[in-house]
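[1] A structural model of the following input is requested.
(one chain, ligands or ions: 1)
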Amino acid sequence: MRARLGMHTLTDGRGLLFGGDYNPEQWPEEVWAEDVELMRAAGVNLVTVGVFSWARIEPEPGARDFGWLDRVLDLLGSAGIAVDLATPTASPPPWLGHRWPETLPVDESGHRLWYGSRNQFCPSSPVYRERALAIVTDLADRYAGHPALALWHVGNEYGQICHCDESAAAFRTWLQDRHGDLDALNEAWGTTFWSQRYSDWAEIIPPRHAPYMINPTQRLDWQRFCSDALLAHYQAERDILRERTPGTPVTTNFMGLFKPVDYWSWAGEEDIVSNDWYPDPADPLSPARAALTHDLMRGLGQGRPWLLMEQATNGVNWRPHNLPKPPGQFRLESLQAVARGADGLCYFQWRASRFGAERFHAAMVPHAGPDTRLHAEVRAHGQELRKLAPVAGEPVPAQVAMVFDWASWWALEERGRPSDRLNAPDQLLSYYLPFWERGVSVDLVPPSAELGGYPLVVVPNLYLLSDQDAAALTAYVHGGGVLMVGPFSGIVDPRAHVRTGRFPAPLREVLGASGEEWLPAPEDRPVRCRWSGGAEFAAHTWTELIAAEGAEAVAEFAEGDLAGHPAVLRHRAGQGVAWYVATMPEPVALGALAGRMLADAGVRGVLPDLPPGVEAVRRGDVLFLLNHGTATVRMPIPHAADDLLTGSPVTDHVTLTPRAVAALRPRVQPHFGDPLA
Ligand code: GAL
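    Purely as a prediction, here's the structure:
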């Protein structure tokens, strides 16, 4: 049996990891020595090499040039810098597409996408597969046992989609596995609608550009297939690496809430979960969005530490208008990831490129060189991370689980629904926000997760819900859990067929309520609602005609045709409590609701009354306080601690200027956030 490989393989003896993508092939060799010297001064201990090196290693079909890469790995290894070695298969050389155009991806309209950029491959192309696996095999054989090799980085940001004939053939095979025969497929896809019945497998194609809306189940299966097809390619590369270097962990870098790939099905296939995260400095919600994304990464790894593979020290170059990051910002973002379970903080990229599409993207060493404000911050950050070595490997305890599902996301966001203003990631974020603001840690989990250990489970939206998962949610409540369900959940089955009867059919009993109409609200004005105590709040976008069947109406609609009908319901079921929200309440109302559910569940944040913009999260026994706001705050703390970042004792309060962070380790038990603290 393979020993469990994880972050500890990398952090044991190194502490937290710090580094970035290193692309030495863009520079003459004289620069490499300076790079390594600067890396050492900055405390860099891990770099990702070779992500886009296919053409350099294999300048023409079958040739191999590893000499330069040998020298890079030797240089890094002798400086004690570990290498996250990439398989270069994200960006095939021009010769592949030129000689084998069938390896190039085809869009929905049948247009081939050409080389000249990157990512131009069809995941189902046998020629691409053969060539990619050949170079991966040689790379693994070459560097197996190299002392610098610490981690494998397979491909880059998987997400390619191709609609070509080879993809169509692979789709048919996948469908045969899923549905068995054509009758079952016709049934699942509901092809009696619009005369779509298939009489031969050969007629089945990917959802290509068509005159009008495409069959939603065809599209749902296609999205499942696309994620699986990429996964199959990743697995093929990974298997080669595992066979040749059994002691070296394998990862591939995720992209947060990235729609095309179902990361729940991928995460178990890697040793270490890693993510690329590029918050938009113009987005006021980006601190909460980041926290949510980091929690997702922790959830994908089932609580294990994860690696922040890419982030930016300053502005990126791929948004239309790239706001810079003020001094202290990338450090704050990086420490936020540590607080939420990251054991490694890496950047794209080490040295800013002089040429190519990313020549204006921030880096750890900017064009202006190392003698700059930015590089000084990089160095200081790398050095201070050593002080946080005690948190490496530590868990982030959470008592709230939030359920998210890719298949439900795909199904929900099909065309032809009551409103496309209700979407899965926005619902997730709006339900996550009040917990984040209260310093309540949340685990992101899939619908199939074991929920028993969580006092509170939040389901912002599960439009697609299987009978089995609905039964598990019901049993969770009966067993004493507190469940919160957001609108338009439990509407379709895994084939995306609407469940008939009053909605949400599979949760009707546990929610003690059911509905009959979805009523999207006019966009230009809020919907007035009233708590049972009489105070009003606003909701927007979505309402439902719903009736209590045992549940108590905690709030009702206060105007229009729905006036007097329930808007929020609470139901005691078995030993537990189930809440249902039949609209989209404004943030302050969702906050009030979250407060009541936390009270029902007996859960509280790590510190009471956090000032706006201050994030509080506990990792191991260290309480991280991060000031994302624009004001200096003075916060009382319940017991004496040491700030790991300053090395100073803290007795009764901390003062945090904007973008400041404290990492407080209590002098004595109990921990921050423990019920008795
Ligand atoms: C990532 C990618 C990197 C680089 C970076 C720029 O998506 O993996 O190679 O392109 O974005 O922000």
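[2] what does this structure put close to the ligand?
    When proximity is defined by C-beta under 6 Å from any ligand atom, the chain lies next to the ligand at 156, 157, 276, 278, 310, 316, 348, 358, 361. Glycine gets a C-beta too; all of them are placed from N, C-alpha and C.
[3] can you do 8 Å?
    Taking C-beta under 8 Å from any ligand atom as the contact definition, the chain meets the ligand at 21, 51-52, 90, 118, 156-157, 253, 255, 276, 278, 310, 312, 316-318, 348-349, 358, 361.
[4] buried subset of these?
    For the residues of the chain next to the ligand, burial is judged from neighbour counts taken by 16 or more other C-beta atoms under 10 Å, and it is met by 21, 51-52, 90, 156-157, 253, 255, 276, 278, 310, 312, 316, 348-349, 358, 361.
[5] Assign a three-state SS to the residue in the stretch 401-550 of the chain positioned nearest to the ligand, would you?
    The stretch 401-550 of the chain approaches the ligand most closely through residue 425 (18.0 Å), counting by C-beta to the nearest ligand atom. With DSSP: H, G, I helix; E, B strand; the rest coil as the basis, the three-state label of residue 425 is helix.
[6] do the same with the one 5 residues further on
    The three-state label given to residue 430 by three-state DSSP is helix.
[7] And the pLDDT for it?
    With respect to pLDDT, residue 430 has a value of 98.
[8] do the same with residue 676
    Reading off the per-residue confidence, residue 676 sits at a pLDDT of 39.
[9] now swap in residue 588 and tell me
    At residue 588 the predicted local confidence, pLDDT, stands at 97.
[10] Spatially central residue in this protein, please.
    When the chain is reduced to its mean C-alpha position, the closest residue under C-alpha atoms, centre = their mean turns out to be residue 256, at 2.5 Å.
[11] what separates it from residue 324, distance-wise?
    Residue 256 is 21 Å from residue 324, where distance means C-beta to C-beta, to the nearest Å.
[12] now swap in residue 83 and tell me
    Remark: distance between residue 83 and residue 324 (C-beta to C-beta) = 30 Å.
[13] For the stretch 1-150 of the chain, which segments count as strands?
    Along the stretch 1-150 of the chain, the segments classed as strands by DSSP state E, counting those that start in this stretch run 17-22, 46-49, 82-86, 149-153.
[14] got it, and the stretch 401-550 of the chain?
    According to DSSP E, counting those that start in this stretch, the strands that the stretch 401-550 of the chain contains are 442-445, 456-459, 482-485, 513-520, 527-531, 536-540, 542-548.
[15] Can you tell me the strand partners of the fifth one and which way each runs?
    It refers to strand 527-531. Its sheet considered, strand 527-531 pairs with strand 536-540 (antiparallel), strand 552-557 (antiparallel) by DSSP bridges.
[16] and what of the last one?
    Sheet partners assigned to strand 542-548 using DSSP bridges are listed as strand 513-520 (antiparallel).
[17] starting at the chain centroid, how far to the strand it pairs with?
    If you compare the mean C-alpha spot of strand 513-520 with that of the full chain, they lie 31 Å apart, counting by C-alpha atoms, centre = their mean, to the nearest Å.
[18] what pLDDT, on average, does that strand get?
    Taken as a whole, strand 513-520 has a mean pLDDT of 98.
[19] Contacts for it, please.
    Strand 513-520 is contacted by residues 418-419, 421, 488, 502-505, 508, 541-551, 561-562, 566, 569, 571, 580, 582 when judged by C-beta atoms under 8 Å, 6 or more residues apart in numbering.
[20] Give me the buried subset of these.
    By neighbour count, with 16+ other C-beta under 10 Å, those hold 488, 503-505, 508, 541-544, 546, 548, 551, 562, 566, 569, 571, 580, 582 as buried.
[21] Mind checking which of those are in helices?
    The helices, defined by DSSP state H, take in residue 508 from the buried ones among the contacts of strand 513-520.
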